[in-house]
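J.: give me a 3D structure for the following:
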Amino acid sequence: MSKAPISERLRLASFLLRLHPHFPGWRVLSWDVIIETLTEYDSDVGNVIHLVSDQMAHLRVAIIVLGLQMIADGVEIDTFSLLKLKVELVRVIGFTDISVLPLEDAHSIRLQFGDVSEIPELAFPCIEGLVSVLDATHLLTLPSSTFGTIGEQSRFLVGSIFLDVSLSIVATAKDLTVFPVLTLKSLLESVYIIIHKHDFESKHLGPQQAILRRAVLRTVEMLSKDISYDVRHVALSVCQAFIKQCQNFMGSVVYTIFEHVTQLVDSQSIQNQDALAAQGKLLIGTTLQSFCNDGLFINLLKRPLPHKFFAVLKQIFESWRTDQAYVNESLGEDLLRDTLNRTVDADPAGFQILLNNLFSYLDIVYRPPSNIDVTFIGQHIIQLVRRMCDGSLEEADPSPLVSILALLIQILRTALNRLYVDTACLALLSHASACHHHPGLVQGSTSSVVPVVNVLFEILLDGLRLKARILPVTLKSIIGSLTKLEHPVFPPSPAEQPKLFANLIDGACHFLEHHLWLDEYTENDCMVSVDVARLLLQAASEDHSIMQRFSGHGSEKYSRQIFGVRSWSMLILAVLLNPRDDWPAMLFSQFSSFTQVYVLTLRVYLQSGFGSPESATTDINHAYVAIKLWLMLAQRVSSFSEDSEVSIFRVWNELWPPFEDVFSALEIEAQANLSTASLTLEATAHLTILNRLRGLNRGEGSYGKAIRALRGTSEGHLEVSPDVLLQQCIKDIVATEKLRVVDVKREPGKPGVERRKDLRFQ
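T.: The predicted model follows:
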């Protein structure tokens, strides 16, 4: 090898390269010959490989690659030869400022080199050959001076001597993208292997931490480059390995990794099943989970972050919400708590950026749930406000804190949908918001509703439309709080806010007619229905065209709505429970509309019989209560007119005959045993009792009848106050609805006559 011409030596080296994989344990060439061949022209050309003839340059590369192959395959090598091979390797690659310093040990040297700006294409095979050496598992005894430290000899992986070469190439090369795909992939794979196989926290490799961080930063840049998919996959794997293995010295590199990975995931968001995007999401999610209590997230928020960063974070939270193998349900709250605990002590330089990013996190990524500890967040916001007022911050903008408070108020929507909130609490919140609201500041606004009241109003509309499961008492509290404001949310005239006004009327009518009363909330359902009816009457007193809607006639503003008997009863209760003098006459003017509904409801049972006992019982009971309520309303109306009896007689003459016809038909069916419906069976039982009572009176003498008549005339008629009658009507309506619920819950085919009979006689 040393005496043959260069061309012959080149052919021999090429042959040995092809031969060695077949005999991996065979030293096909002695290390002395290899070192002699490599150093033959060093004194003439120095470190510049392109000054060497082409054949000699190819020979040097072939010999270096052959040497790397033998080292990787475990061929024994002495320390001096290993270091000399490394010296020739860095010269071929093109590193600058190469210096070889002899050590006290004659068989050891210390190599130092600078950066590499451009790597000749001829040296690419050397880079690819480094991967197998760095991945080798056999050990070698090396002096500590080899790594620039003081100490005794230690056992190291044979690749340890070359790791700074690979890291320096990645960290200092001018443009990595000009490398061939396979070369660049091999280079990044070498970084991945180095991170996994070598302990950079040991005293020997500790000085290499800085170059490792630089190499990882250059690797991260590959994620946003328009390069091979496989190369970007390896680059992302390097980032994952670095965060996992180098937690104690990764420094700010992790934040740069987050930014580039976010860009990668965002660019791949169109392809939901993209493996690279999934790997990026996994990296971000697992890292946040691992360091959720270590201040990593707050340091991330101190950096200017684009909107897409939070959008990607939201995707991660949403996609893993059902996959507990990766992310905790409480991860969002844990990050928030850790950040708030540290925010008050943040440096003034990044304080404003931190607040802005914290609001973006709450607004986009982690909307606080209804069970969040609002007190904890509120206390920290107070501390942040104090920090902003202590003079340590210049031109502090409190807008993010105000926005965070507004987000917390949104939690009220969930609470109102599920829990009971009293009127006083909501009224206080509405009043506080109204006091700090300045409608004049909003130019061109179509609504003067304050933000908090606007939330209440939206919740009210959802409840009236039955789009949300709101407790009746809570709905009643919302109505009460909005109507008790100094400047009520409801516009004084429909001309001011026609859309808002129309939505309110539509929702109230829908609720009044379609809301199902439940057994456990029947009393509350009744009272909230009265409040909704009162809301309608208040609106009708401002816009008289609404009364046309009650009668079933539509208008340009409001669609047609036909109320049932129960809905009319709620309207009458709202009138009778309110002291306003104009409402009785306004509602009584629609008596003819109610009569049509009333007659149609009862006519069904006259024409088709009582085949549906549940609906028959409910409708007849509601009809009976409606007669009493209309009579009471007529009495209230007559107190304001000269013809005091006309209204009462009109109600009696129009409502009682249809009701009497129903009971007559019911009695006929019961006596003839033509129906087995539970309603007729109950009527039979009632008639039997009445006949028995009538039989008891047959034995009464004339003297006894006279005494009873005289006693009745002397005692006079027992006066019953209207309030007592009104409360009795409310109880009758509630009892009717409870009976309806019982009938609905009864199992099909199960006899329930006796049970209903017991309920009636209680």
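J.: tell me, how many neighbours does residue 579 end up with?
T.: 5 (other Cβ atoms under 10 Å). Every C-beta, even on glycine, is put in place using the N, C-alpha and C of the backbone.
J.: and what about it, helix, strand or coil?
T.: Under the three-state scheme (DSSP: H, G, I helix; E, B strand; the rest coil), residue 579 adopts coil.
J.: rounded mean pLDDT for the host helix or strand of residue 18, please.
T.: Element membership for residue 18 (DSSP states H and E) is helix 6-19. Across helix 6-19, the average pLDDT comes to 77.
J.: return the residues in contact with the closest residue to residue 75 other than its chain neighbours.
T.: Closest residue to residue 75 apart from its sequence neighbours, by Cβ to Cβ, 6 or more residues apart in numbering: residue 27 at 4.9 Å. Counting by Cβ atoms under 8 Å, 6 or more residues apart in numbering, residue 27 makes contact with 70, 75, 76.
J.: highest neighbour count among those?
T.: Most surrounded of the contacts of residue 27: other Cβ under 10 Å gives residue 70, at 24 neighbours.
J.: so that residue versus residue 34, what's the distance?
T.: 9 Å (Cβ to Cβ, to the nearest Å).
J.: again, but for residue 221
T.: 36 Å.
J.: do the same with residue 584
T.: Distance from residue 584 to residue 34, by Cβ to Cβ: 114 Å.
J.: give me the below-cutoff pLDDT ranges for the stretch 51-200 of the chain.
T.: Along the stretch 51-200 of the chain, segments meeting pLDDT under 70 span 51-53, 104-107, 148, 151.
J.: repeat the analysis, applying 80 as the threshold.
T.: 51-54, 102-110, 143-154 (pLDDT under 80).
J.: which one of residue 221 and residue 34 has more residues nearby?
T.: residue 34 (23 against 13).
J.: mind listing what's buried along whichever strand or helix holds that one?
T.: Under the criterion of DSSP H and E, residue 34 resides in helix 31-38. For helix 31-38, the neighbour count (16 or more other Cβ atoms under 10 Å) marks 31, 34, 35, 37, 38 as buried.
J.: can you redo those residues as TSV with pLDDT?
T.: Putting these into TSV (pLDDT from 0 to 100) gives the following:
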residue	pLDDT
31	85
34	84
35	85
37	82
38	82
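J.: dump those into JSON lines; add distance to residue 483 as well.
T.: Below are the buried residues of helix 31-38 laid out as JSON lines (distance: Cβ to Cβ, whole Å):
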{"residue": "31", "distance to residue 483": "97"}
{"residue": "34", "distance to residue 483": "96"}
{"residue": "35", "distance to residue 483": "97"}
{"residue": "37", "distance to residue 483": "99"}
{"residue": "38", "distance to residue 483": "95"}
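J.: picking up where we left off before, of the contacts of residue 27, which is the nearest to residue 588?
T.: In terms of Cβ to Cβ, no member of the contacts of residue 27 lies closer to residue 588 than residue 70, at 109.7 Å.
J.: separation between the nearest residue to the closest one once chain neighbours are set aside and residue 18?
T.: Nearest-residue entry for residue 70: residue 27, 6.2 Å, with adjacent residues in sequence omitted and distances by Cβ to Cβ, 6+ apart. Per Cβ to Cβ, residue 27 is found 16 Å from residue 18.
J.: just to revisit the earlier point, looks to me like the residue nearest to residue 75 is in a strand.
T.: No: per three-state DSSP, residue 27 lies outside any strand segment and is coil.
J.: buried ones in stretch 634-654?
T.: 634, 635, 636, 637, 638, 647, 648, 650, 651, 654.
J.: and those, which two are the farthest apart?
T.: 636 and 654 (17.6 Å).
J.: just to revisit the earlier point, is it possible to export the buried residues of stretch 634-654 to CSV including pLDDT and distance to residue 99?
T.: Output for the buried residues of stretch 634-654, formatted as CSV (pLDDT from 0 to 100; distance: Cβ to Cβ, whole Å):
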residue, pLDDT, distance to residue 99
634, 91, 113
635, 90, 114
636, 90, 110
637, 89, 112
638, 87, 116
647, 86, 116
648, 88, 118
650, 90, 117
651, 91, 114
654, 92, 116
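J.: which of those sits closest to residue 358?
T.: Scanning these for proximity to residue 358, where the rule is Cβ to Cβ, the winner is residue 636, at 59.5 Å.
J.: and the closest one, how far from residue 359?
T.: From residue 636 over to residue 359 (counting by Cβ to Cβ), the distance is 56 Å.
J.: one step back: narrow the buried residues of stretch 634-654 to those in strands?
T.: The strands in this structure, assigned by DSSP state E, contain none of these.
J.: which ones among those residues map onto helices?
T.: Among the buried residues of stretch 634-654, the members falling in helices are 634, 635, 636, 637, 638, 647, 648, 650, 651, 654 (criterion: DSSP state H).
J.: re earlier: and the angle for the helix holding residue 18 with helix 31-38?
T.: Calculated by axes from the mean of the first three to the mean of the last three Cα atoms, to 10 degrees, helix 6-19 forms an angle of 130 degrees with helix 31-38.
J.: packing partners for helix 6-19?
T.: Applying 3 or more Cβ pairs under 8 Å, 6 or more residues apart in numbering; DSSP states H and E, we find helix 6-19 packed against helix 54-72.
J.: could I get the helix it packs on in CSV with only the CA atoms?
T.: What follows is helix 54-72, C-alpha atoms only, in CSV (Å, rounded to 0.1, in the frame of the first residue of the first chain):
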residue,chain,number,x,y,z
ASP,A,54,-8.0,13.9,-7.3
GLN,A,55,-6.7,10.4,-6.9
MET,A,56,-4.9,11.1,-3.7
ALA,A,57,-8.0,12.9,-2.3
HIS,A,58,-10.2,9.9,-3.2
LEU,A,59,-7.6,7.6,-1.7
ARG,A,60,-7.6,9.5,1.6
VAL,A,61,-11.4,9.4,1.8
ALA,A,62,-11.5,5.7,1.0
ILE,A,63,-8.9,4.9,3.7
ILE,A,64,-10.8,7.0,6.3
VAL,A,65,-14.1,5.2,5.4
LEU,A,66,-12.4,1.8,5.6
GLY,A,67,-10.9,2.8,9.0
LEU,A,68,-14.3,3.9,10.3
GLN,A,69,-15.9,0.6,9.1
MET,A,70,-13.3,-1.4,11.0
ILE,A,71,-13.7,0.6,14.2
ALA,A,72,-17.5,0.2,14.0
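J.: in that helix, what's buried?
T.: 56-72.
J.: how about the strands in the chain?
T.: Going by DSSP E, the chain shows strands at 99-102, 109-112, 139-142, 154-157.
J.: tell me how far residue 391 lies from residue 381.
T.: Distance from residue 391 to residue 381, by Cβ to Cβ: 19 Å.
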